[in-house]
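A.B. asks: make a model of this:
(one chain, ligands or ions: 3)
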Amino acid sequence: METYCNIPLRERNIVLIGFMGVGKTTIGQLVAKKLYRDFIDVDQEIEKIHNMSIPTIFQQLGEEYFRKVEKEFIVDICTNTRLKIISLGGGAYLQEEVRNVCLSKCIVFFLDLSWDSWKDRIPLIVNSRPLLKNKTLEEIEELFFKRRDAYSLHNSRVSTNDLDPEAVADQIVKSVKWTWEIYEPND
Ligand SMILES: Nc1ncnc2c1ncn2[C@@H]1O[C@H](COP(=O)(O)OP(=O)(O)OP(=O)(O)O)[C@@H](O)[C@H]1O
Ligand SMILES: O=C(O)C1=C[C@@H](O)[C@@H](O)[C@H](O)C1
Ligand SMILES: [Mg+2]
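C.D. replies: Numbering: from 1, shown residues only. Ligands and ions are numbered 1, 2, ... in the order given. This is a model prediction of the structure:
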């Protein structure tokens, strides 16, 4: 994996990762507003390109197709854009190429929510996330913990338990501003 990054810290895209439903889309939008940056939600962009919802893409074109498009889209924006706030879909970071491009070109924030808190989100998201449909709570729990290894590769972690989206976004903004000041104080 490429480790040296020649993009100034202040210009690097900020990428939000984490399990489905932790708040990447909701919080990414807020972070973008607070930093006066453009927001890109990978799921929404793929929906726009196909003029189909994610569940329909899964149903009609298949998950394998979705993962290919998702990976290519993320590699493209991470390589060819700067100054964006990018929210990934919950499963994107499971792909090694996605992790590598995010970690080598961007600043990666892991939104961490405990299993107990996450369970309360199920009714809000179950109908729009094909991978949750027809799964038992035990199967979802297994997926939740299985994915943690991939999410553990990040630059910064924010624990979102008991925090509303505004508070999480404020923490992310504070954290990036500290990083900018510490590592590139004169820019
Ligand atoms: N900090 C929070 N506190 C309470 N509810 C939240 C919080 N963040 C997000 N939510 C709610 O949780 C649901 C899922 O949020 P969101 O769509 O942002 O998740 P996501 O991480 O983008 O999911 P996915 O990986 O599937 O794209 C929404 O209904 C949102 O309003
Ligand atoms: O966690 C996942 O695998 C997914 C999360 C959503 O963001 C969508 O990308 C899709 O529903 C798959
Ligand atoms: Mg989302």
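A.B. asks: which helix or strand contains the one residue in the chain that gets nearest to ligand 3?
C.D. replies: Of all residues in the chain, the one sitting closest to ligand 3 is residue 25 (3.3 Å; Cβ to the ion). Heads up, the C-betas are built off the backbone N, CA and C, glycines and all. Assigned by DSSP states H and E, residue 25 falls within helix 24-34.
A.B. asks: what's that helix packed up against?
C.D. replies: Under the contact criterion of 3 or more Cβ pairs under 8 Å, 6 or more residues apart in numbering; DSSP states H and E, helix 24-34 touches strand 14-17, strand 38-41, strand 84-87, helix 165-183.
A.B. asks: among these, which is nearest residue 105?
C.D. replies: strand 14-17 (9.0 Å; Cβ to Cβ).
A.B. asks: can I get that closest one in CSV, CA atoms only?
C.D. replies: Coordinates of each C-alpha in strand 14-17 appear next as CSV, following Å, rounded to 0.1, in the frame of the first residue of the first chain:
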residue,chain,number,x,y,z
ILE,A,14,-12.4,13.4,4.9
VAL,A,15,-14.0,10.0,4.7
LEU,A,16,-16.6,8.6,7.2
ILE,A,17,-16.7,4.8,7.7
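A.B. asks: wait, does it contact ligand 3?
C.D. replies: No - judged by Cβ under 5 Å from the ion, strand 14-17 and ligand 3 are separated, with a smallest distance of 8.7 Å.
A.B. asks: partner strands of the lengthiest strand in the chain, with direction?
C.D. replies: Secondary structure of the chain per DSSP state E: the longest strand is strand 107-112. Strands that pair with strand 107-112, judged by DSSP bridges, come out as strand 14-17 (parallel), strand 156-159 (parallel).
A.B. asks: adding distance to residue 84 and mean pLDDT, write those out as TSV.
C.D. replies: As requested, the strands paired with strand 107-112 are arranged in TSV below (distance: least, Cβ to Cβ, whole Å; pLDDT from 0 to 100):
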stretch	distance to residue 84	mean pLDDT
strand 14-17	8	98
strand 156-159	17	97
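A.B. asks: among these, which comes closest to residue 70?
C.D. replies: Comparing the strands paired with strand 107-112 under Cβ to Cβ, the one sitting nearest is strand 14-17, at 12.8 Å.
A.B. asks: give me every residue in the protein lying close to ligand 3.
C.D. replies: Counting by Cβ under 5 Å from the ion, the chain sits next to ligand 3 at 24-25.
A.B. asks: pLDDT (mean, whole number) over stretch 114-129?
C.D. replies: Stretch 114-129 carries an average pLDDT of 95.
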